[in-house]
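In: need a structure here:
(one chain, ligands or ions: 1)
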Amino acid sequence: MSMRVGVVGGGQLARMMIAPAVELGVELRVLAEGEGMAASLAATAVGDYKDVDTVLAFARDVDVITFDHEHVPQPVLRALVEAGVPVHPGPDALRFAQDKLEMRRRLAELGAPQPDWAAVADEDELRAFLGDHGGRAVVKTPRGGYDGKGVRVVSDASDAFDWFASWDGPLLVEELVPFTRELAQQVARRAGGEVVAYPVVETVQRDGVCAEVIAPAPRASEKLLEVAARLGVTIAEGLGVTGMLAVELFETEGERILVNELAMRPHNSGHWTQDGAVTSQFEQHLRAVLDLPLGATDPLADWAVMVNILGGPADGGLTDRFATAMTDHATAKIHTYGKDPRPGRKVGHVNVVGDDLEDVVYEARAAAEYFS
Ligand code: ADP
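Out: Below is the predicted model of the structure:
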């Protein structure tokens with residue numbers, strides 16, 4: 001059986017598909033944005049993912065196209081589909097991960113719990129929303145945001161004047177959710193319809209960037225685990241997602257959950273599965289996009305903790321610190337992305353699994369500490 005997967009985007013998510021691809025006997029090809037990217041150890045073509053001809057040429061030698069990011073323009077996605085290339089997730093699903101306004105509208109139709117929101121075309125409309133929501137709200141650019149860029153807390157309609165001036169179309173405004181913590185629910189769905197869910201996890205962000213993940217979410221009741229999993233499945237089915245789906249959630253008082261946003265690809269909140277679950281999200285994504293039977297999602301221990309390694313200005317001696325971290329923290333699984341460290345840039349992560357949460361958190365943080 002020929003199983004060739006083409007991944008558009010050469011970042012760490014594509015890179016981390018390489019090991020499971022080798023194990024499964026899947027041939028992985030990557031269309032990277034430039035030379036020397038994180039996924040360049042796979043068979044790599046370099047080209048512009050916004051250019052139809054480049055992407056069509058790349059797709060000629062693979063059985064299915066999938067993604068490392070959500071930025072491939074709709075016309076390019078549609079051209080692939082018209083050329084008969086299986087695309088997972090397909091354009092009709094992906095648009096809800098590309099545009100937060102479209103996502104809000106569709107989730108409302110599905111009856112999924114979400115923050116109060118509105119599309120606002122100008123400062124008057126934003127002022128009206130602020131008036132109805134206690135004077136503070138969160139304004140978001142519908143497209144192109146990541147790691148908190150394109151998200152702004154406002155307390156006056158003029159706080160978003162620059163975005164109104166430069167953005168083509170309405171902005172998204174949401175109530176400022178008084179969340180107690182952030183969670184993420186991952187599910188995988190294959191074209192044939194089978195869906196599986198991972199346990200909901202807690203995600204900790206610092207400066208808008210994911211810093212740590214604890215799996216499963218501590219103190220989560222059976223009911224919360226079940227409600228979150230069911231919500232993930234409902235969204236995957238309702239939006240026709242194929243591959244991995246991450247549903248980022250806010251938890252508020254009384255274990256209520258609200259959808260923040262969606263990612264239709266492996267996600268930072270699921271890196272723990274590499275060492276903490278029977279089937280990692282990267283293997284699962286490959287199985288799902290190839291429409292193969294999905295793997296078990298059970299955790300391998302009571303707890304798994306993932307701590308991101310962010311690049312700092314003093315990253316010169318990465319290899320020295322690598323050896324020390326390995327010596328002092330033999331249970332830590334250290335993953336690096338082959339990226340040039342820059343302040344705040346995600347360059348790797350550490351996973352630790354075990355049965356004592358305090359211990360696992362300590363080991364994961366301590367090992368990651370060597371790199372920051
Ligand atoms: P990005 O697409 O850049 O990841 P998100 O929409 O996930 O942006 O928002 C980034 C962070 O901003 C969230 O993780 C959360 O901490 C905060 N945030 C976003 N929306 C809201 C909201 N409606 N209420 C409160 N905090 C929010």
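In: can you give me the helices in the stretch 201-350 of the chain?
Out: 222-239, 273-276, 281-289, 318-328 (DSSP state H, counting those that start in this stretch).
In: and the stretch 151-300 of the chain, which residues reach the ligand?
Out: Residues of the stretch 151-300 of the chain found near the ligand (C-beta under 6 Å from any ligand atom) are 151, 174, 176-177, 182, 205, 208, 248, 260-261. No exception for glycine: its C-beta is placed from N, CA and C like everyone else's.
In: in the stretch 251-372 of the chain, which residue sits nearest the ligand?
Out: The nearest approach of the stretch 251-372 of the chain to the ligand comes at Glu261, 4.7 Å away (C-beta to the nearest ligand atom).
In: contacts only, for that residue.
Out: Each residue near Glu261 by C-beta atoms under 8 Å, 6 or more residues apart in numbering is listed here: 97, 100, 103, 248.
In: center of this structure, which residue is that?
Out: Per C-alpha atoms, centre = their mean, the C-alpha nearest to the average position across the chain is that of His267, at 3.0 Å.
In: export the lowest-mean-pLDDT helix or strand in the chain to PDB, keeping only CA atoms.
Out: Taking mean pLDDT, DSSP states H and E as the measure, helix 318-328 is the helix or strand of the chain with the lowest mean score, a mean of 81. This file holds the C-alpha atoms of helix 318-328, laid out as PDB (Å, rounded to 0.1, in the frame of the first residue of the first chain):
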ATOM      1  CA  LEU A 318      22.600  24.400  24.100                       C
ATOM      2  CA  THR A 319      24.600  21.200  23.800                       C
ATOM      3  CA  ASP A 320      26.300  21.600  27.100                       C
ATOM      4  CA  ARG A 321      23.000  22.200  28.900                       C
ATOM      5  CA  PHE A 322      21.400  19.400  27.000                       C
ATOM      6  CA  ALA A 323      23.900  16.900  28.600                       C
ATOM      7  CA  THR A 324      23.400  18.400  32.000                       C
ATOM      8  CA  ALA A 325      19.600  18.300  31.800                       C
ATOM      9  CA  MET A 326      19.800  14.700  30.700                       C
ATOM     10  CA  THR A 327      22.200  13.700  33.500                       C
ATOM     11  CA  ASP A 328      20.200  15.400  36.200                       C
END
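In: can you list contacts of that helix?
Out: The contact list for helix 318-328 (C-beta under 8 Å, 6+ apart) reads 332, 334, 336, 341, 350, 366-367, 370-371.
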